[in-house]
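Asks: Pasting the sequence and the predicted model now:
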Amino acid sequence: MRDRKVIHSANDTDWLTNPQARNQMVIECGHTNNCYHRKELITDKIVTMTDQNRTIIHAIDTTGPGGAETVFLDIAQQLQLENYDNLAIIKGPGWVEEQLKQRGIRYHILKPYGFFAIPYYWQLYKLLKRENAALVHAHLLGSTLTYSILCLLTRLPLIATLHGRVDINPNERFVAIKQKIMRMGVKQLIAVSRDLAQYIEARGLFPARAIAVIYNGVDQQRYHNNMTGRLRGDLHIPDDAILIGSLGNIRPAKNYETLINAVAELNNPQLHFVIAGHQKKDLMEALNAQMQTLGVAKQMHFIGFHDNTPEFLAQMNLFVLSSSSEGFSIATIEAMASHLPVIATRCGGPEEILTHNVTGYLVPVNAPAELAAAIQYLLRNPEEAQRLANAGFQHMCNTFSLGAMLAAYKNHYRKLLGINA
């Protein structure tokens with residue numbers, strides 16, 4: 001029987017960047033070339049697992065940063081069941097892989113060949129068998145479809161989490177066939193909001209009885225004041241400026257066009273808007289042109305991806321979400337965890353996170369004048385803004401904590417695995 005050593009703490013990952021330490025601490029354990037931890041630690045700190053352990057597979061088909069990817073990483077790292085190992089399967093290098101390394105999560109890279117590509121499914125099938133897989137947890141539409149097919153073949157239970165309306169595209173090719181495969185393969189479907197669950201049911205993907213809602217959660221302890229003031233210096237923003245932040249990759253659903261129009265409506269050069277998120281060239285070019293036309297380019301700062309969300313939010317005075325569609329919105333609860341007053345559009349998820357004028361401020365979608373008025377109102381009424389921030393923080397801690405999310409998923413894992421509570 002071959003012992004297998006698996007990292008359980010990010011503190012044990014110094015060997016990743018220290019070649020001398022790595023050479024002293026690794027052994028071959030027989031995994032394939034793309035499997036992280038095919039060379040694994042020999043140290044008394046690591047819990048030794050044997051081949052009797054079964055594996056829970058965590059899969060996602062995206063590689064860049066985002067809310068769904070963060071939830072995937074948190075669950076793969078922190079949801080531990082006795083006598084079960086975790087393995088993440090991803091499709092290629094990128095931000096997700098770097099996070100897997102930093103967090104010490106065992107993973108395997110397997111690049112897909114396309115829908116119904118036999119060699120790809122055969123490799124995944126062999127990997128599931130080699131890992132003695134017991135359960136698969138897939139995130140987003142692509143992985144859900146892939147593992148629906150595999151779990152039908154292997155008779156493994158599949159839990160699938162859909163994170164937004166983009167996962168349910170009625171114009172998808174072969175949509176009827178794909179939906180039927182998923183209904184047959186998924187044992188438990190999770191939606192990250194009631195709004196998304198209702199949308200899934202309305203589209204005919206799954207009946208209401210087959211859908212459970214689990215809100216995404218964050219670790220509020222990470223969002224204690226990490227004020228550095230670095231952004232003001234880096235962006236040459238005056239000390240007396242008011243910073244208003246937004247988080248989200250540059251894509252159509254984030255609707256930054258509405259935010260730019262709202263900034264023009266405000267016509268207040270003391271306000272500086274800082275937007276963090278990966279940029280797509282064509283979309284960013286259109287936003288730059290809009291800012292130039294409206295004369296607000298000097299007070300809007302699209303800074304690209306920021307790898308420290310708590311630090312970013314700690315430097316803001318207010319948080320704004322201008323999206324046209326959100327399945328949930330991790331950015332919103334991160335802002336609440338940072339004790340910020342939050343203004344968000346009624347775009348799906350935020351209505352379940354915020355109660356208007358109680359834990360935050362809600363405005364219609366595609367309404368720059370209303371968004372501008374809400375920003376102006378909270379800036380002119382700081383006591384009201386502070387009241388909303390305090391109530392929002394408490395609500396986030398009670399409802400959207402990482403612990404609550406993990407506990408809900410663990411209950412579903414145990415049920416599907418037949419583990420008694």
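Replies: Happy to help now that I have it. Residues are numbered from 1 along each chain as shown.
Asks: Which pLDDT value does the model give the nearest residue to residue 325 once chain neighbours are set aside?
Replies: For residue 325, ignoring the flanking residues on the chain, the nearest one in space by C-beta to C-beta, 6 or more residues apart in numbering is residue 253 at 4.6 Å. The way it works is simple: take the backbone N, C-alpha and C, and place the C-beta from them, glycine included. Model confidence at residue 253, given as pLDDT, is 94.
Asks: do the same with residue 303
Replies: 97.
Asks: Hmm, it is touching residue 273, no?
Replies: No: between residue 303 and residue 273 there is no contact under C-beta atoms under 8 Å: 10.7 Å.
Asks: neighbour count winner among these two?
Replies: residue 273 (24 against 14; other C-beta atoms under 10 Å).
Asks: Assumed the more buried one was part of a strand.
Replies: Yes: counting by DSSP: H, G, I helix; E, B strand; the rest coil, residue 273 is part of a strand.
Asks: related to what we said a few turns ago, wait, a helix at the residue nearest to residue 325?
Replies: Yes: counting by three-state DSSP, residue 253 is located in a helix.
Asks: In contact with it, which residues?
Replies: 164, 166, 323-326 (C-beta atoms under 8 Å, 6 or more residues apart in numbering).
Asks: now residue 397
Replies: 220, 337.
Asks: Check which helix or strand it maps to.
Replies: Assessed by DSSP states H and E, residue 397 sits inside helix 382-399.
Asks: Check residue 245 too.
Replies: strand 242-247.
Asks: so residue 339 sits in a helix?
Replies: No: under three-state DSSP, residue 339 falls outside any helix and is assigned coil.
Asks: Please verify my assumption that it contacts residue 390.
Replies: Yes: using C-beta under 8 Å, residue 339 is in contact with residue 390, at 7.4 Å.
Asks: out of those two, which sits in the busier spot?
Replies: Using other C-beta under 10 Å, the more surrounded residue of residue 339 and residue 390 is residue 339, with 18 against 13.
Asks: for the more buried one, what are its contacts?
Replies: Per C-beta under 8 Å, 6+ apart, neighbours of residue 339: 223, 389-390, 393.
Asks: swap the cut-off to 7 Å and go again
Replies: Listed by C-beta atoms under 7 Å, 6 or more residues apart in numbering, the contact partners of residue 339 are 389, 393.
Asks: what's the strand holding residue 245 packed up against?
Replies: strand 271-276, helix 309-314, strand 318-321 (3 or more C-beta pairs under 7 Å, 6 or more residues apart in numbering; DSSP states H and E).
Asks: Next, the angle strand 242-247 makes with the first one.
Replies: Using axes from the mean of the first three to the mean of the last three C-alpha atoms, to 10 degrees, the interaxial angle of strand 271-276 with respect to strand 242-247 works out to 20 degrees.
Asks: Buried by neighbour count: which residues of strand 271-276 qualify?
Replies: For strand 271-276, the buried set under the neighbour-count rule, 16 or more other C-beta atoms under 10 Å, comprises 271-276.
Asks: And for stretch 341-356?
Replies: Quick answer for stretch 341-356 (16+ other C-beta under 10 Å): 341-354.
Asks: Now do that stretch: everything it contacts.
Replies: By C-beta under 7 Å, 6+ apart, stretch 341-356 touches 193-196, 318-329, 332-333, 335-336, 360-365, 371, 374-375, 378, 385, 388-389, 392.
Asks: Same check on stretch 194-204?
Replies: Residues outside stretch 194-204 that contact it (C-beta under 7 Å, 6+ apart): 162, 164-165, 168, 170, 191, 206-208, 211, 213, 327, 348-349, 351-352.
Asks: Who wins on neighbours among those residues?
Replies: residue 349 leads the contacts of stretch 194-204 on contacts (other C-beta under 10 Å) with 30 neighbours.
Asks: quick one: which helix or strand includes residue 99?
Replies: Short version, using DSSP H and E: residue 99 is in helix 95-103.
Asks: Convert the C-alpha atoms of that helix to PDB, please.
Replies: Output of helix 95-103 as PDB, limited to C-alpha atoms (Å, rounded to 0.1, in the frame of the first residue of the first chain):
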ATOM      1  CA  TRP A  95      -4.800  32.900 -11.700                       C
ATOM      2  CA  VAL A  96      -6.700  29.800 -10.400                       C
ATOM      3  CA  GLU A  97      -3.600  27.600 -10.700                       C
ATOM      4  CA  GLU A  98      -1.500  30.200  -8.800                       C
ATOM      5  CA  GLN A  99      -4.100  30.300  -6.000                       C
ATOM      6  CA  LEU A 100      -4.100  26.500  -5.800                       C
ATOM      7  CA  LYS A 101      -0.400  26.600  -5.400                       C
ATOM      8  CA  GLN A 102      -0.500  29.300  -2.700                       C
ATOM      9  CA  ARG A 103      -3.300  27.600  -0.800                       C
END
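Asks: Packing partners of the next helix or strand after it?
Replies: Per DSSP H and E, the first helix or strand lying C-terminal to helix 95-103 is strand 107-109. Strand 107-109 is packed against strand 84-90, with contacts defined by 3+ C-beta pairs under 7 Å, 6+ apart.
Asks: hang on, the earlier thing: which strands or helices does the helix holding residue 99 pack on?
Replies: Packed next to helix 95-103, using 3+ C-beta pairs under 7 Å, 6+ apart, are helix 67-78, strand 84-90.
Asks: Kindly reformat the ones you listed as JSON lines containing mean pLDDT and distance to residue 293.
Replies: Below are the helices and strands packed on helix 95-103 laid out as JSON lines (pLDDT from 0 to 100; distance: least, C-beta to C-beta, whole Å):
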{"stretch": "helix 67-78", "mean pLDDT": "97", "distance to residue 293": "31"}
{"stretch": "strand 84-90", "mean pLDDT": "98", "distance to residue 293": "40"}
